[in-house]
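Colleague: here's a sequence, model it:
(chains A and B)
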Amino acid sequence: MTQAVRVRFAPSPTGLMHLGSLRTALYDYLLARKTNGQFILRIEDTDQNRLVEGSIENLIDSLKILGINCDEGPEIGGNYGPYIQSQRLEIYHQHINELLDKGLAYHCFCTKEELDQHRQAQMNLKQNPKYSGKCRSLTPDEIKAKIDAGLDYVIRLKMPEDRTFSFNDAIRNKVEIDSSLVDDQVILKSDGFPTYHLAAVVDDHLMQITHVLRGEEWLPSTPKHIYLYECFGWTPPIWVHLPLLLNTDRSKLSKRHGDFSVQNYLNLGYLKESIINFVALLGWHSAEDRELFTLEELVNEFSIERVNKAGAIFDITKLEWMNGWYMRNLDVKYIAQEAKPFFTKANIDVSDHNKYLKVIATAREYASTLIQLIDFSKVYYQDFTLSDEDLAIVKEENSQKVLSWFHIKLKAQAEWTKDEINALVKEAIATLGIKGKHLYFPLRIALYGSSHGPEIPTLIDNLGLNEAIRRLSLFL
RNA sequence: GACCCCUUCGUCUAGGGGUUAGGACUCCAGAUUUUCAUUCUGGCAACAGGGGUUCGAAUCCCCUAGGGGUCGCCA
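Modeller: Here you go, the predicted structure:
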């Protein structure tokens, strides 16, 4: 795809940004960057009842943190603004009036109760629930009278009958839906706000969107959108219906099964690198069968042609592995910096930067998230309590020999390099005649609080000489 | 219920007429490591079923089944 695309990510501000939205935004972004096109953020806040305060900020922040930068949007503006739908009401009204004038839409005065009743009756008869068309042929006089009487109304799109809507989806190829199945969609609600269907089509056209990437759940309503394009005499965009992200039980990813917000994974200590990399792989696969990618590499590799049709279960096990991989392979300074807020929150004073870096370098071999880093680091900062088993090992006669020998030796020198400590360990083996776990376990237990863990020179180096000596003395 | 979409190891997936059906995660085993973690090597594990078409089908066609989505003045 060499033609520059204009794509939009158009979330509703109804809560925290979740992983499904992130994937859509990511694919939008990758496509835009790859073709030197534009990635636009548009806020679809036409449902005033579902607005959640702070969602717009969370959306913008999440994208920013992950490095998915947009070219146009509410924060940065652009030539096609405003980018928040509640600020574009006049535009929608103009377009709805145009449809009304052309006789392609009509006023509907049916109350919610009436509609619900009608729907229920149809469902009871096992019929396809659909609007009755009751208000389809109201005369202008009747309409005026009802409006004058102060009745609430909506505007509906008059869907043509006996037509087959056929369209080409970039992922699913040809899709056909019979128009008799498509309802006379409400395009303007009684509160004066447009519905998604109208607003999205108008905006996508006015903002010159070339590719509409959205979840598969929109497939059945695409005929409505195509028909709207037709009514306005516009050319529809290329449709790209992405496979759904699924819960472990194969249902659409939802809050009921857990917190799938981007914020949640960030809070859990997942790196943005792995979140992006992992989410990219849910429905897309590189031609080279490679799986580890930076965002920049994804831009180069990504293509819609290689997006799958089938939904993908979000399974955290692989994310965990991938995050661990990034923890171990990214620059240790970067990991340390990203981990710092977690340490601060856990009240661990890591102001000794040198020590902190050493600790992180060691701990990241054991941890698969930033937050787990704390579990493997706090022992260098805080005292610990021993298990009965470990305490027994330390109390053994040979253990005591080892500990006191090291205690004396370490005090004899003001500074020790890791190499020197290594030599010291060898000397201990030779002079004490104690080796293997009988040597290492008591040392590690006294210094680190566990018989398993990093090697002795590393422990002493991370702890600092004085602290190491102090800990040894504690068990003598 | 109607319509639409989908179906390769447990999971993410490659392959799209001739492959020992490949990779990754998980799990198991071995090696390395004083230990643990890492790393490396190896192993277990899949074409939903049935019919066609074809010399040959995981791949193309049809049917069935299963799963999902949609059917709102939500998006």
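Colleague: and stretch A:259-274, C-alpha only, in CSV?
Modeller: Only the C-alpha atoms of stretch A:259-274 are listed here, as CSV (Å, rounded to 0.1, in the frame of the first residue of the first chain):
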residue,chain,number,x,y,z
ASP,A,259,-10.1,-5.3,33.6
PHE,A,260,-8.7,-5.1,30.1
SER,A,261,-7.9,-1.4,30.2
VAL,A,262,-4.5,-0.2,29.0
GLN,A,263,-4.2,1.6,32.3
ASN,A,264,-4.6,-1.7,34.1
TYR,A,265,-1.7,-3.3,32.3
LEU,A,266,0.4,-0.3,32.8
ASN,A,267,-0.4,-0.4,36.5
LEU,A,268,0.4,-4.0,36.7
GLY,A,269,3.9,-3.2,35.4
TYR,A,270,3.8,-4.2,31.8
LEU,A,271,6.0,-2.2,29.5
LYS,A,272,4.6,-0.3,26.6
GLU,A,273,6.9,-2.1,24.3
SER,A,274,5.4,-5.5,25.1
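Colleague: in it, what counts as buried?
Modeller: A:260-262, A:265-266, A:268-274 (16 or more other Cβ atoms under 10 Å). C-betas here are computed from N, CA, C, even on glycine.
Colleague: how deep is the closest residue to RNA strand B within chain A tucked in, by neighbour count?
Modeller: Closest to RNA strand B within chain A is A:Tyr440: 2.7 Å, counting by Cβ to the nearest atom of the strand. By the measure other Cβ atoms under 10 Å, the count of residues near A:Tyr440 is 18.
Colleague: mind listing what the residue lying closest to it once chain neighbours are set aside touches?
Modeller: Leaving aside its chain neighbours, A:Tyr440 sits nearest to A:Ile456 (6.6 Å; criterion: Cβ to Cβ, 6 or more residues apart in numbering). By Cβ atoms under 8 Å, 6 or more residues apart in numbering, the contact set of A:Ile456 is A:421, A:425, A:440, A:443-444, A:447.
Colleague: buried members of these into PyMOL, please.
Modeller: Burial among the contacts of A:Ile456 is assessed by 16+ other Cβ under 10 Å; the matching PyMOL selection reads:
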select buried, chain A and resi 421+425+440+443+444+447
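Colleague: give me the subset of the contacts of A:Ile456 that lies in helices.
Modeller: Applying DSSP state H to these, the entries found in helices are A:421, A:425, A:440, A:443-444, A:447.
Colleague: what's the closest of the residues you listed to A:Gly20?
Modeller: Nearest to A:Gly20 out of these is A:Arg444 (Cβ to Cβ; 45.2 Å).
Colleague: my guess is the closest one contacts A:Pro457. True?
Modeller: No - counting by Cβ atoms under 8 Å, A:Arg444 sits too far from A:Pro457 to count as a contact (11.5 Å).
Colleague: so which residues of the stretch 101-250 of chain A form helices?
Modeller: Taking DSSP state H, counting those that start in this stretch, the helices of the stretch 101-250 of chain A run over residues A:112-124, A:140-148, A:196-206, A:222-232.
Colleague: which of those sits closest to A:Asp349?
Modeller: Using Cβ to Cβ, the nearest of the helices of the stretch 101-250 of chain A to A:Asp349 is helix A:196-206, at 50.7 Å.
Colleague: and that closest one with RNA strand B, contact?
Modeller: Yes - using Cβ under 7 Å from any atom of the strand, helix A:196-206 reaches RNA strand B at A:196-197.
Colleague: isn't there a strand covering A:Val7?
Modeller: Yes - membership of A:Val7 in a strand is supported by DSSP: H, G, I helix; E, B strand; the rest coil.
Colleague: neighbours of it, just the number please.
Modeller: Neighbours of A:Val7 using other Cβ under 10 Å come to 29.
Colleague: pLDDT score for it?
Modeller: Note on A:Val7: pLDDT of 98.
Colleague: isn't it right next to A:Ile40, touching?
Modeller: Yes - judged on Cβ under 8 Å, A:Val7 makes contact with A:Ile40 at a distance of 6.9 Å.
Colleague: from the contacts of A:Ile456, which is closest to A:Ile238?
Modeller: A:Arg444 (60.9 Å).
Colleague: contact partners for that closest one?
Modeller: Here A:Arg444 is in contact with A:450-453, A:456, A:459 (Cβ under 8 Å, 6+ apart).
Colleague: among these, which ones are buried?
Modeller: The buried subset of the contacts of A:Arg444 (16+ other Cβ under 10 Å) comprises A:451, A:453, A:456, A:459.
Colleague: list the contacts of the closest residue to the first one other than its chain neighbours.
Modeller: This means A:Ser451. Nearest non-adjacent residue to A:Ser451, counting by Cβ to Cβ, 6+ apart: A:Phe441, 4.5 Å away. By Cβ under 8 Å, 6+ apart, the contact set of A:Phe441 is A:393, A:399, A:451.
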